[in-house]
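**Q** sequence first, predicted coordinates after that:
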Amino acid sequence: MLARMVEHWHAWIGDATIADAILDRIMQRNHRFTLTGDSLRAQRPKTPKKEINIDPS
C-alpha cells in the first residue's frame, strides 16, 4: 500500500516530473479504488467470543 495518497505525491516530492516518473512505474499495473461512505465494521455489533470447552474424557 502506498504510504501517502497518490494525489499528494506531487506536493510531497516537490518536483512534478520526478513524481510522475515514480507514479508511472508504481501504478503501471495497478487498479485504484477510492472507498467512500461509512465502514461496515462500525455497523456490526460486537458479540463476545464463545468459550470452547474440551473434555479430555
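**A** Cool, got the structure.
**Q** how near is Met27 to Asp20?
**A** Per C-beta to C-beta, to the nearest Å, Met27 is found 10 Å from Asp20. (C-beta placed from N, C-alpha, C; glycine too.)
**Q** what packs against the lowest-mean-pLDDT helix or strand in the chain?
**A** Least confident helix or strand of the chain, by mean pLDDT, DSSP states H and E, is helix 40-43 with a mean of 74. Judged by 3 or more C-beta pairs under 8 Å, 6 or more residues apart in numbering; DSSP states H and E, helix 40-43 has no packing partners among the helices and strands.
**Q** buried ones in the longest helix along the chain?
**A** As assigned by DSSP state H, the longest helix anywhere in the chain is helix 16-26. In terms of neighbour count (16 or more other C-beta atoms under 10 Å), helix 16-26 has its buried residues at Ala19.
**Q** what's in contact with it?
**A** Here helix 16-26 makes contact (C-beta atoms under 8 Å, 6 or more residues apart in numbering) with 2, 6, 9-10, 12-13.
**Q** same thing but 6 Å
**A** For helix 16-26, contacts defined as C-beta atoms under 6 Å, 6 or more residues apart in numbering pick out 9-10, 13.
**Q** neighbour-wise, which one of those residues leads?
**A** Trp9 (19 neighbours; other C-beta atoms under 10 Å).
**Q** so what's that one closest to, chain neighbours aside?
**A** Spatial nearest neighbour of Trp9, chain neighbours left out: Ala19 (4.9 Å); criterion: C-beta to C-beta, 6 or more residues apart in numbering.
**Q** where does the protein dip in pLDDT?
**A** 1-4, 44-49, 57 (pLDDT under 70).
**Q** residues touching Met27, list them.
**A** Contacts of Met27 by C-beta under 6 Å, 6+ apart: none found.
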